[in-house]
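K.L.:
build me a structure from this.
(one chain, ligands or ions: 1)
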Amino acid sequence: MRGGDVSPPPAVELRRINKRFGRVHANRDIDLTIDAGTITGIIGENGAGKSTLVSILYGFYSADSGDILIDGTPVALTSTADAIRCGIGMVHQHFMLVPTMSVLDNVMLGREGGFTLTDGISKTRKRLAQLSEDYGLEIDPDALVQDLPVGLQQRVEILKALLRGARILILDEPTGVLTPQEADRLFEILRMLKQDGVTILLITHKLREIMAITDDVNVMRHGQMVAHRKTKDTNREDLARLMVGRDVLFTAKYHEKEPGAPILEIDALTHHDSRGSTVLSDISFTLRAGEILGIAGVSGNGQSQLLDVLSGIEPVQEGTIRVAGEVIDSRNRRDPTALRQVGVAHIPEDRHHRGLVLPFSAAESSILGYHLTDVAGSGLFLDLQKIEARCADLMQRYDVRPPDPQWRSGGFSGGNQQKIVVAREIAASPQVLLVGQPTRGVDIGAIEFIHKELLAARDRGCAILLVSVELDEIMALSDRILVMNAGRIVGETAHGEADPNRIGLMMAGIDPNNARDITVQETGAA
Ligand SMILES: Nc1ncnc2c1ncn2[C@@H]1O[C@H](COP(=O)(O)OP(=O)(O)OP(=O)(O)O)[C@@H](O)[C@H]1O
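P.N.:
Reported below is the predicted structural model:
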């Protein structure tokens, strides 16, 4: 017991935790102490071992060795059910909810933990309503999960954990998919939970969030815990240095450059989803060679559909796309492979579903979409040696860890998976590069690197369409910015004239010329 006999034991104590995956030593002699009723952050580069560590605490992985103490008592966590029984809950990066079921059904699912069948539906409904009210979560128990925006889906995950009796809540990169407004709301909820004595463990790459909400912060590097700081005694620069081992540039080194000829011309593009709702409305713009055109917008305002149509995942319904003179419209479809052959590359927003095939090796994933080009070999068959050698080279340049072309794509940490996708698409030297959320889940060192690579591709003449919910990222890289709201382009601004407040208002659907006394909070990529 620390601090004399009267102080309570820590909520969580990890002692000399070790975990290996084959030859990767993901967690090496990790010690971590978390006091009850605090918010503790864990930061570290991609692949540092953060998710592995919290997965061990949640009983998802078993440690090879080491001890776990909850409230001072040693526990054996051999399954997530064990963890739930010990009062541990987890909100995952990829939600574990069933989209076609209601909120109530979802929280009733898999009740291994704090409440049982005898609780009955009506009792659960009451507790759900009470918790939702206590924390201002605004959740309708009968809503279908698929109809809720991601911010609300995440609250359902939190409610599910609380209903199972969680007193220790783990959140693994909870804001990666949230708008800045949703993230602020999440932090209010976390502060309320802390006031009620819940202990919170937060993994994030965003140092702004660490500084805003945590009491303590722990830094991991190469599988080890290398530093602990009281948040009030540190700052972003200090933490960045501890993580990466060098100073980090928080803003990309942008320089002006005259763009070349038009390469991608979009005219009157309108698109409807499967339910007939209009998701893109009369979109027209021109993208030039050697230009980065940023699309700013709150997620869910048509940006994803725009990328889907431009990359050939969805057919053009109304309007035309002209790529290097070639016309694509409703009568003349091009699928993503055909588009790649005319030089249109795509870094998709969702690396799990569209960027990688998780059971494939890194080498196989590194030629996805390019298997018909000479990077895959010259004859009828794939030249595996050539593919692996090229993949090894890309992995070295993009600092993918482990740098092993034969490693299974699904066995890389989230940020390293993202680097594989970014490396593949930039290395194809496309004429047009469509980019969706390029730095989601990526550590600050890698953000700096990816930004540098995007600017370098622009300087080589590539025309880049950059979609990101991080306004800082859009402002740092784009020569021109278009703002999207409700499926329409509602504003345009040049790099030098970009004003985050004006853009923020347009993103929210407010005409900045008529808005008074409204300021919009800036977002932060790191
Ligand atoms: N299921 C697995 N199979 C094989 N290797 C794995 C598995 N899970 C993790 N690893 C390896 O363990 C190491 C640590 O991964 P982990 O996901 O814990 O990192 P992280 O710090 O959470 O990274 P990120 O910030 O990118 O999410 C990585 O090198 C990864 O490749």
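K.L.:
show me what residue of the stretch 251-400 of the chain gets nearest to the ligand.
P.N.:
Taking Cβ to the nearest ligand atom as the measure, the stretch 251-400 of the chain has Val400 as its residue closest to the ligand, at 9.5 Å. Bear in mind the C-beta positions are built from the backbone N, C-alpha and C, glycine included.
K.L.:
so what's the residue count around that residue?
P.N.:
29 (other Cβ atoms under 10 Å).
K.L.:
quick one: low-confidence ranges for the stretch 151-300 of the chain?
P.N.:
Along the stretch 151-300 of the chain, the model assigns pLDDT under 70 to no residue.
K.L.:
now do stretch 325-343: everything it contacts.
P.N.:
Applying Cβ atoms under 8 Å, 6 or more residues apart in numbering, the set of residues contacting stretch 325-343 from outside is 311-313, 315-324, 346, 369-370, 372-373, 428, 430-432.
K.L.:
now those: which count as buried?
P.N.:
311-313, 315-316, 319-324, 346, 369-370, 428, 430-432 (16 or more other Cβ atoms under 10 Å).
K.L.:
so Ile210: helix, strand or coil?
P.N.:
helix (DSSP: H, G, I helix; E, B strand; the rest coil).
K.L.:
what about the residue nearest to it when sequence neighbours are not counted, which SS state?
P.N.:
Nearest residue to Ile210, sequence neighbours excluded (Cβ to Cβ, 6 or more residues apart in numbering): Gly41, at 4.5 Å. State at Gly41, reduced to three classes by three-state DSSP: strand.
K.L.:
quick one, what contacts Gly41?
P.N.:
Gly41 makes contacts with Leu202, Ile203, Thr204, Glu209, Ile210, Ile213, Thr214, Asp216, Val217, Asn218, Thr231, as judged by Cβ under 8 Å, 6+ apart.
K.L.:
quick one, what contacts the second one?
P.N.:
With contact set as Cβ under 8 Å, 6+ apart, Ile203 has these partners: Gly41, Ile42, Ile43, Lys50, Ser51, Val54, Ile170, Leu171, Asp172, Glu173.
K.L.:
and the last one, how many neighbours?
P.N.:
When neighbours are counted by other Cβ under 10 Å, Glu173 registers 22.
K.L.:
any idea which element Val467 lies in?
P.N.:
Per DSSP states H and E, Val467 falls inside strand 463-468.
K.L.:
same deal with Pro405?
P.N.:
Here Pro405 is assigned to no helix or strand, by DSSP H and E.
K.L.:
show me the contacts for it.
P.N.:
Ser361, Ala362, Ala363, Ser366, Ile387, Glu388, Cys391, Ala392, Met395.
K.L.:
with the residues you listed in mind, which one is nearest to Ser284?
P.N.:
Among the contacts of Pro405, Ser366 lies closest to Ser284 (Cβ to Cβ), at 35.3 Å.
K.L.:
how about that closest one, nearest residue that isn't a chain neighbour?
P.N.:
Cys391 (4.2 Å).
K.L.:
go on, Lys386?
P.N.:
In space, and not counting its chain neighbours, Lys386 is closest to Gly377: 5.9 Å by Cβ to Cβ, 6+ apart.
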